[in-house]
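Visitor: got a predicted structure plus its sequence, pasted below:
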Amino acid sequence: MSAARRWITLTTDFGLDSPYVAQMKAVLARRAPQAAVVDLSHNIGPQDVRQAAILLHDSCFWFPPETVHVAVVDPGVGTERRLLAARLKDQWFVGPDNGVISLWAERDPPELVVVLDRPEYWNRDVSSTFHGRDIMAPVAAHLVNGVSPLELGSPTNTWQRFPWPRPQWHHGFVEAHVLLVDHFGNLLTDLTQAMVAQRRAHLVGGSLPGGQSFRVVRTYGEAPAGTLVGLFGSQGRFEVAVVQGNAAADYQLAAGDVVRVEWHCGDE
Amino acid sequence: MSAARRWITLTTDFGLDSPYVAQMKAVLARRAPQAAVVDLSHNIGPQDVRQAAILLHDSCFWFPPETVHVAVVDPGVGTERRLLAARLKDQWFVGPDNGVISLWAERDPPELVVVLDRPEYWNRDVSSTFHGRDIMAPVAAHLVNGVSPLELGSPTNTWQRFPWPRPQWHHGFVEAHVLLVDHFGNLLTDLTQAMVAQRRAHLVGGSLPGGQSFRVVRTYGEAPAGTLVGLFGSQGRFEVAVVQGNAAADYQLAAGDVVRVEWHCGDE
Amino acid sequence: MSAARRWITLTTDFGLDSPYVAQMKAVLARRAPQAAVVDLSHNIGPQDVRQAAILLHDSCFWFPPETVHVAVVDPGVGTERRLLAARLKDQWFVGPDNGVISLWAERDPPELVVVLDRPEYWNRDVSSTFHGRDIMAPVAAHLVNGVSPLELGSPTNTWQRFPWPRPQWHHGFVEAHVLLVDHFGNLLTDLTQAMVAQRRAHLVGGSLPGGQSFRVVRTYGEAPAGTLVGLFGSQGRFEVAVVQGNAAADYQLAAGDVVRVEWHCGDE
């Protein structure tokens, strides 16, 4: 008799000093009072759509089925850019058509994508600069309340794709791209555990752009504090880290940099 | 049969590194376990009552009716300053009588203001430095639980008012005051959309204190990245922004600075 | 008929820019959908176990009975360090056996401590770097759901203790240690109100390591802005503060520094 609890996550570049996040939560409180709202992150770099795209890709599937993920990193607000709602696997996405869904959609091809074009489901007054509050939050609330996405918009087959980097495999080494620097200064790359498993590759070590070499470990505890290591982290990504230190700060590296990782065939 | 869900918002200058916010939430958890608590902001500048006042004014009305807004920016804690609970339109306020309610109260004159003077409704041990946890959180919980404000305190007709700036209208231009710098470095002023509509004014451009001029747009998307523009933002305020940039940092402007905005009569 | 609401608190050094906190909340959402999750702090200094220990000690008892407090400050993740669940008074702890529980346990000796050694209660795939998500969150959810701790692990009588500093009492003065600097730059020490009451001591003033003297007040309001004062704060700790200023920044003090406090016997 009691309906299952429903979740909404928020990913924005609003920071926590401005009232924008709270205003989105207020709209959700009015329209979907029983939903639970979880902050994915509000510290996305201003207008850094790629960073938000990676966070969504890495985190969405942890949430309960039917969770609605709202992404408001929206440099194009007020232009002709479209707003989308989409179904990916057992989750929902609501956000701008600016590529923020594109990494997630590579793994979980959307079953349905609609363009949000039904103002009767939005706030009555829609500002020209804050569609997160005035369009996306109301639409997320409707999805949580069980409104069909086909009520909320018109189906489309297109959405913006980014040319995401791929690790470049060579004989004996692979070039991985830093996608994200985490809170600890760890460098998360586009080289995933799944890719390595598929090639039955065995990673043995590597080097940074500056030539500093690292060995591959299974966990931080295998090397003393201060050691530069490479390992598969909790996001399923190969990452380079300084044990109990900050690799990004120590070596001045950031998203876009290339890490060289030595490998040999696991069967050898 | 099921009671409507109730909300409490928190606005403080506690930051998120100290345990103070969590202790307020713990008191609310004990006393109003079914209420939903939303952070408005905990990054108010230390003791910056004015900043908190603006955030409350701009955000409160978005929340569901009967929401209780608690503001703990309280440089006078432990002095003779009074604590208030107030009813403004369909919302509640709990906080110190230090002007933090005064901008909101200009728009929504309080129907009832009480001075919190009934210790039987507070924590048993009241610290001399943290009334947010020991008085305001318990009082907010009682309001959410349906206790009458007249049980919680004694009615008063006075509360502290701030001399809030007003835009200065001149022939052909208006001087607006920067009230707030948001997370993106946008400069939010005291010139509201309602004021401009009332005068049937049409804004056409303007200039910063340093002489740099901007044109007025409807949305960020109307100008290329890097352009200085003026527009009505999502808070109903005229704001000056650099498209995909940071106006406050680029031009070294802050709350208190004056922006000149050219206008002509909309009927001309 | 309706079960009481249950709380889980999170204390981590993850920051809010990475998706790690959200992934822990996602696991909790799946496994304990009715629990309320409260952030104690995610801004613990990287690997600063002592800071987390103090926050837990000072905040846990404010929460409702049966709250589960999860602490993920875990420099030893992936090593042989153990993970614990413990019952302290009417609260629960889940976290690594690295001393993070040790200050709390001095006040509230655990009734039961178990070593988490039952993988059937964890996530199916356990990463080697993020046990907060893969072990601690599932275990916290089980506790909230009423699973016995004896199902979740094997009892132990040992856990890591830190040599916490104690105030050094001398004739006429006591040396207190700064444990924590809060968001306002106040210096919180290990000298508690209970210790002072037990000795029937009366504190009258003191000095910083650099020789600057302060007087003891009951509340910030007793001294003008800018004054250096000592007082018992809301955490039950003697703290040194600059009224409406920042003592840590002004005097370059931090955790570990020693403050001298003059006292005489209250009966004199």
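Guide: On my side now, so go ahead. Residues are numbered from 1 along each chain as shown, chains lettered A, B, ... in the order given.
Visitor: is it true that A:Val70 lies in a helix?
Guide: No: assessed with DSSP: H, G, I helix; E, B strand; the rest coil, A:Val70 is strand; it does not lie in a helix.
Visitor: in the sheet, who's paired with it?
Guide: Beta-bridge pairing of A:Val70 under DSSP bridges involves A:Leu10, A:Val94.
Visitor: show me what contacts the residue in the stretch 151-268 of chain A that chain B sits nearest to?
Guide: Residue nearest to chain B within the stretch 151-268 of chain A: A:His183 (13.4 Å; Cβ to the nearest Cβ). (C-beta placed from N, C-alpha, C; glycine too.) Taking Cβ atoms under 8 Å, 6 or more residues apart in numbering or on different chains, we find A:His183 in contact with C:13-15, C:17-18, C:20, C:46.
Visitor: pLDDT score assigned to the residue in chain A that chain B sits nearest to?
Guide: Chain B sits closest to A:Gly78 of chain A, with a gap of 2.7 Å, by Cβ to the nearest Cβ. With respect to pLDDT, A:Gly78 scores 79.
Visitor: tell me the contacts of the closest residue to it other than its chain neighbours?
Guide: Excluding the flanking residues, the one nearest A:Gly78 by Cβ to Cβ, 6 or more residues apart in numbering or on different chains is B:Thr219, at 2.7 Å. B:Thr219 makes contact with A:77-79, A:128-129, B:231, according to Cβ under 8 Å, 6+ apart.
Visitor: ok, the residues you listed vs chain C, which is closest?
Guide: Using Cβ to the nearest Cβ, A:Val77 comes nearest to chain C of those, at 22.2 Å.
Visitor: show me the shaky parts of the stretch 151-268 of chain A.
Guide: For the stretch 151-268 of chain A, the stretches with pLDDT under 70 are A:267-268.
Visitor: so where do the strands sit in it?
Guide: In the stretch 151-268 of chain A, the segments counted as strands under DSSP state E, counting those that start in this stretch are A:153-155, A:168-170, A:173-181, A:187-192, A:201-207, A:213-216, A:228-232, A:237-242, A:258-265.
Visitor: ditto for the stretch 1-150 of chain A
Guide: Under the criterion DSSP E, counting those that start in this stretch, strands of the stretch 1-150 of chain A are mapped to A:7-12, A:36-41, A:68-72, A:83-88, A:91-96, A:112-116.
Visitor: who touches the fifth one?
Guide: Around strand A:91-96, the neighbours that count as contacts under Cβ under 8 Å, 6+ apart are A:56, A:60-61, A:63, A:65-74, A:76-77, A:81-87, A:101, A:104, A:108, A:110, A:116, A:131, A:136, A:139-140, A:143, A:149.
Visitor: what angle do that strand and strand A:112-116 make?
Guide: Angle of strand A:91-96 versus strand A:112-116, following axes from the mean of the first three to the mean of the last three Cα atoms, to 10 degrees, is 30 degrees.
Visitor: the third one now?
Guide: In this structure, strand A:68-72 runs at an angle of 50 degrees to strand A:112-116, with the same axes, to 10 degrees as the basis.
Visitor: quick one, strand A:68-72 and strand A:83-88 angle?
Guide: On the basis of the same axes, to 10 degrees, strand A:68-72 is oriented at 140 degrees to strand A:83-88.
Visitor: A:Asp90 is in contact with A:Asp108, correct?
Guide: No: using Cβ atoms under 8 Å, A:Asp108 is not in contact with A:Asp90; the gap is 9.2 Å.
Visitor: just want to know which of these two has more residues nearby.
Guide: Counted by other Cβ atoms under 10 Å in any protein chain shown, A:Asp108 and A:Asp90 do not tie: A:Asp108 has more neighbours, with 18 against 14.
Visitor: show the pLDDT at the more buried one.
Guide: 97.
Visitor: and which of the contacts of B:Thr219 is nearest C:Val261?
Guide: A:Thr129 (53.6 Å; Cβ to Cβ).
Visitor: related to what we said a few turns ago, number of nearby residues for the residue of chain A closest to chain B?
Guide: 19.
Visitor: wait, doesn't it sit right on A:Ser128?
Guide: Yes: taking Cβ under 8 Å as the definition, A:Gly78 is a contact partner of A:Ser128 at 4.5 Å.
Visitor: find the residues that touch each one of these two.
Guide: Contacts common to A:Gly78 and A:Ser128, judged by Cβ under 8 Å, 6+ apart, are B:218-219.
Visitor: next to chain C, which bits of the stretch 151-268 of chain A? Give me the list.
Guide: Applying Cβ under 8 Å from any Cβ of the partner chain, one finds that the stretch 151-268 of chain A approaches chain C through A:182-184, A:218-222, A:231-235, A:244, A:246.
Visitor: before we move on, the earlier item: filter the contacts of strand A:91-96 down to the buried ones, ChimeraX style.
Guide: Per 16 or more other Cβ atoms under 10 Å in any protein chain shown, the buried members of the contacts of strand A:91-96 correspond to this ChimeraX selection:
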select /A:56,60,61,63,66,67,68,69,70,71,72,73,74,76,77,81,82,83,84,85,86,87,101,104,108,110,116,131,136,139,140,143,149
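Visitor: rewinding a little: would you check which of the contacts of A:His183 are in contact with chain A?
Guide: Answer for the contacts of A:His183 near chain A (Cβ under 8 Å from any Cβ): C:13-15, C:17-18, C:20, C:46.
Visitor: show the buried residues in those.
Guide: Buried members of those, scored by 16+ other Cβ under 10 Å, are C:13-15, C:17-18, C:20.
Visitor: what two of those are the furthest from one another?
Guide: C:Asp13 and C:Asp17 (12.3 Å).
Visitor: circling back to that earlier point, show only the entries of the buried ones among the ones next to chain A among the contacts of A:His183 found in helices.
Guide: C:Tyr20 (DSSP state H).
Visitor: can you redo the buried ones among the ones next to chain A among the contacts of A:His183 as a markdown table with pLDDT?
Guide: Output for those, formatted as a markdown table (pLDDT from 0 to 100):
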| residue | pLDDT |
| --- | --- |
| C:Asp13 | 95 |
| C:Phe14 | 94 |
| C:Gly15 | 92 |
| C:Asp17 | 86 |
| C:Ser18 | 87 |
| C:Tyr20 | 96 |
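Visitor: out of the buried ones among the ones next to chain A among the contacts of A:His183, which is nearest to C:Pro165?
Guide: Nearest to C:Pro165 among those, with distances taken as Cβ to Cβ, is C:Asp13, at 21.8 Å.
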